[in-house]
Each structure stands twice: as C-alpha cells, then as structure tokens.
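Visitor: fold the following for me, if possible:
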Amino acid sequence: MPSLPPRAPLTRLFRLTWPVYAYAVFEEFILLYPLYALLFHDTGLSVAQISSLFVIWALSGVVVAVPAGAWADVVPRRRLLAAAPLLAATAFALWLLLPSYGAFAIGFALWGAGGALSSGAFEALVHDELTRRGAADRYARVMGTARALGVAAVGTATLLAVPVMAVGGYAAIGTASVAACVLCGAAGLALPEHRAPDTRADAPRTVAARYSAVLREGLSEAASSPAVRRAIALVVVITALWGVLEEYVPLLADEAGVPARTVPVVVLVVWVLVTLGGLLAGAADRLPPSGLALLTALAAGAVAVGALLGSPVGWVLLGLGFGACQMLAVVADARLQARITGSARATVTSLAGLGTDALTVAAYALYAGVYALVGHAVAFAVLAVPYLAVAWALASLRAPATGPGPLHQDAGTE
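Guide: The predicted structure is shown next:
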C-alpha cells in the first residue's frame, strides 16, 4: 500500500469539509424536533398511537439500512445524501397538510428510510474522500466536528422553536423544518465525490448485478473478518445506549425535582458537554486501547453517578459522561472505517447502523421496564453498566508496536 502524507493542506480539505459540516447542521436543524409529539397530541392521538409511530420510525430504518448501504456502493453517494433529507421534508409537509394518524405513520416511514439512506453513505463518502486527499488520519476529527455541529444545531433549533411557534404556529415550525431539509439536500449535492469505475474484466456490468455483488461482498467481509465484526459491535453498543438515555434527560431532571422552567438549563448543560466531546474526538482517536478503556469506564461512572445524584454536580457529570460517549462513538466509527478493506464500504457501515437501530429498540424496551420498577435515575445507571463491559474488552486488546493509535491495535490478532 503506498504511503500517504501525514497531513493534507487545509485548502485541499476545505472543499470537502464545508459541505460535510453544512450537511450535519441542516440535517439536525429541525424546529419540529421538540414539538412533533405535541402536534400528534393536539391532533387527538393517544399515547399508544404515538408510541406506535416511534416503532414505525425505528423499524423503517432497520428494514432499509442494509439495502440502502449496498445501493450507496453502486450509485453516486452524494445523490443519495441529497435525496435522504428530501424524504424527511416530504414527511413534514405531509404532517402539516394532512394531520392524521395515517399521514404521521407514512411520514415516519419516510423519515426513517431517509435516515437509513444517508447512514453508511455519509461515512463512506467522507472516509474515501479524505483518503484520496491523503488525510485519512483526520477522519475522526472531521466526523467529530460534524457530530458536534449536529448537536449544536439541535439545541439551536430547540431554542428557536418556542418563539417561532408563538408567532407562526405549526405552519411556521413545519415550513422552517422543510426548508432546513432542502438546504441539507443542497449541501449533499455539493459534496465532492471521486470513485473510480471497476475496470476488471469480470466486473458486473448491469446495475442489478453490481448491487448483488457489493451486497455479497459487504456481508462476506463482515462475516469473515473478526476485526470488522468487533468494530461493528463497538459502534453499535457505544452509539445506541447513550443515544437512548439522552432522550430521557428532561424526564430525569423532572424526577429529581428540577422546576419545569429550569429543565431546559439542565438539557443545555448536557448539550454543551456533548458538543465538546465531539470536538475532542480527534484527540481521543490517538489514545491507546488502555486509554480508551479508561475513558469508557469513566463515562459509565459519570452517567450512572450523575443520574443518581440528580443535582447540579450530577448534571455536569452526566454531560461529561455523554460527552465521553460522543467521543467514543466517533472513534468507534473511525476504527470501523479503518478496518474495511473492500469496495463495499457503505454496505459494511450500514450493518453497524442496522445493529444500532435494533439495539436502540431493545434499549427503549429495557429502559421502560426498569423505569416502571425503580424510576429514571436507576434506569440510567442500569443502561450505563454495559459500558463497563466495553471498557474491559478494550483493555484486553493488544496495543500496537507501531501506528498512530487504536485503529490498528489488534491487527496481529486476525
């Protein structure tokens, strides 16, 4: 394998990074986020119906994830990334024009499919373009910044949703959300993409044949490579569990006796520290396995203790724990991208998305069961326990004799 320069000039990266960051911002700048449950309630839906919509949302992602990933290895990825937010825009427009259970269900199916369409394609495009520019070592830094900007966009949209709702109601909220999706699609089209055609004599010629070939290749690589399987498992566990817990932070604060008017402050503290975690992902990517193991264990402790304290110190600890999880999620993704050696990069990455969605559904069910017995604080502590197992697994990995960090630490164990 030819050696690549360790650093790429910033001017060569800017052509890639600015649409990546714009895509991450507009994808999450959805003013409907904090209010769509209220829209469903105001339309007359019951709690059971609203819960069933969330199931439809999750299952649509599970069904579409791997087929969409394989498709992203066949057709231009930036076109899929441009189309994905337009499915969400269609969903939001449908909710505004025809508010009913059927329209909400179709909208969630479209939104989930759009998320699956971009999952895998986004990571694969960014990794391949950075590699082409001789900057593969910057993947964690770029993706960490993108994730941090996405979190900041969610927070900003949430803060703006209240005054916009007061002035223009659901129509204004929905229109702004559709506009953000359209801008996200435009950012997707602006992404650079350079993929050399397969010139092998035995290369599949039709789209259907190429699709079948990359799907088989991706599934085969995930099944045959222990390193890829470990990397997928790491992405799934780290990403899914803290993502579920984050949704319950307002309810945790309410259970701890925080006044309703102060709950947004608790959420803001958590958001700020999660954003910081994303920005520090590049530094975390350079940690040895023992350092990642320690960070994971500290994250588990911070989440559990912070939730159980239910105090200002506890909210800071919770935010620090989530921030560490954000760092670890980006590093886990970088580890997976470094492990993939074939041409079906998006297909393999989509398997991690599939696993994350499936574990998320299971984690929601587990959380609901634990909460019913012992409340939110203990439920947070229980879902933090698996991170201790992740820490133990990371600590057991053999450190590299040479190399830039944890992405190569167990290359000799295959």
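
Visitor: the strand or helix carrying V265 - what's its average pLDDT?
Guide: Using DSSP states H and E, V265 sits within helix 263-279. For helix 263-279, mean pLDDT is 89.

Visitor: and the helix or strand that comes right after it, how far out from the chain's middle?
Guide: Proceeding N to C from helix 263-279, the next assigned helix or strand is helix 281-284, under DSSP H and E. Centre-to-centre, helix 281-284 and its host chain are 17 Å apart (CA atoms, centre = their mean, to the nearest Å).

Visitor: tell me what helix 281-284 is packed against?
Guide: helix 139-190, helix 312-339 (3 or more CB pairs under 8 Å, 6 or more residues apart in numbering; DSSP states H and E). The way it works is simple: take the backbone N, C-alpha and C, and place the C-beta from them, glycine included.

Visitor: can you pull the contacts of L87?
Guide: Contacts for L87 (CB atoms under 8 Å, 6 or more residues apart in numbering) come out as L110, W111, A113, G114, L117.

Visitor: that one and A358, how far apart?
Guide: From L87 over to A358 the distance is 21 Å, taken as CB to CB, to the nearest Å.

Visitor: same check on A65?
Guide: From A65 to A358 the distance is 9 Å (CB to CB).

Visitor: okay, those two: which has more neighbours?
Guide: A65 (28 against 17; other CB atoms under 10 Å).

Visitor: distance of that one from G257?
Guide: Taking CB to CB, one finds A65 at 40 Å from G257.

Visitor: do R229 as well
Guide: Taking CB to CB, one finds R229 at 44 Å from G257.

Visitor: so between those two, which is more surrounded?
Guide: With neighbours defined as other CB under 10 Å, R229 and G257 compare such that R229 has more, 15 against 9.

Visitor: surely the more buried one touches A222?
Guide: Yes: the pair R229 / A222 is scored as a contact, 6.4 Å apart, by CB atoms under 8 Å.

Visitor: JSON lines for the contacts of L87, including secondary structure and distance to A208?
Guide: Output for the contacts of L87, formatted as JSON lines (DSSP: H, G, I helix; E, B strand; the rest coil; distance: CB to CB, whole Å):
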{"residue": "L110", "secondary structure": "helix", "distance to A208": "25"}
{"residue": "W111", "secondary structure": "helix", "distance to A208": "28"}
{"residue": "A113", "secondary structure": "helix", "distance to A208": "20"}
{"residue": "G114", "secondary structure": "helix", "distance to A208": "23"}
{"residue": "L117", "secondary structure": "helix", "distance to A208": "19"}
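
Visitor: of those, just the buried ones, PyMOL syntax please.
Guide: A single PyMOL command suffices to select whichever of the contacts of L87 are buried according to 16 or more other CB atoms under 10 Å:
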select buried, resi 110+111+113+114+117
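
Visitor: just give me the closest of the contacts of L87 to F26.
Guide: Nearest to F26 among those: G114, at 13.1 Å, using CB to CB.

Visitor: so where does L45 fall, helix or strand?
Guide: Applying DSSP H and E, one finds L45 in no helix or strand.

Visitor: can you pull the contacts of it?
Guide: L45 makes contact with L53, Y101, F104, according to CB under 8 Å, 6+ apart.

Visitor: name the member of these with the most neighbours.
Guide: Going by other CB under 10 Å, F104 tops the contacts of L45 with 25 neighbours.

Visitor: which helix or strand contains the residue nearest to it when sequence neighbours are not counted?
Guide: Closest residue to F104 apart from its sequence neighbours, by CB to CB, 6 or more residues apart in numbering: L53 at 5.5 Å. Secondary-structure assignment from DSSP H and E places L53 in helix 47-72.

Visitor: buried sites along that helix?
Guide: Buried residues in helix 47-72 (16+ other CB under 10 Å): 50, 52-53, 56-66, 68-72.

Visitor: do the same with stretch 36-49
Guide: Along stretch 36-49, these residues count as buried under the neighbour rule (16+ other CB under 10 Å): Y36, L39, F40, T43, L45.

Visitor: tell me the confidence at the last one?
Guide: With respect to pLDDT, L45 scores 87.

Visitor: what do you get for the third one?
Guide: pLDDT recorded at F40 is 88.

Visitor: what's the angle from the helix or strand containing it to helix 139-190?
Guide: F40 is located in helix 36-43, with elements delineated by DSSP H and E. On the basis of axes from the mean of the first three to the mean of the last three CA atoms, to 10 degrees, helix 36-43 is oriented at 50 degrees to helix 139-190.

Visitor: which elements pack onto helix 36-43?
Guide: Against helix 36-43 (3+ CB pairs under 8 Å, 6+ apart) you get helix 47-72, helix 101-118.

Visitor: contacts only, for the residue positioned nearest the centre of the chain.
Guide: Nearest residue to the geometric centre of the chain (CA atoms, centre = their mean): T239, 7.0 Å. Listed by CB under 8 Å, 6+ apart, the contact set of T239 reads A329, A332, A352, T356.

Visitor: repeat that for G185.
Guide: Counted by CB under 8 Å, 6+ apart, G185 has contacts A82, A83, A84, P85, L86, A89.

Visitor: same thing with F380?
Guide: Contacts of F380 (CB under 8 Å, 6+ apart): L245, Y248, L252, V303, A304, G306, A307, L308, L318.

Visitor: burial count for the second one?
Guide: Pointing back at Y248 there. Neighbour count of Y248, defined by other CB under 10 Å: 19.

Visitor: name the nearest of the buried residues of stretch 36-49 relative to L16.
Guide: Using CB to CB, the buried residues of stretch 36-49 come closest to L16 at Y36, 32.5 Å.

Visitor: separation between the closest one and P226?
Guide: Applying CB to CB to Y36 and P226 gives a distance of 41 Å.

Visitor: try L287
Guide: From L287 over to P226 (counting by CB to CB), the distance is 22 Å.
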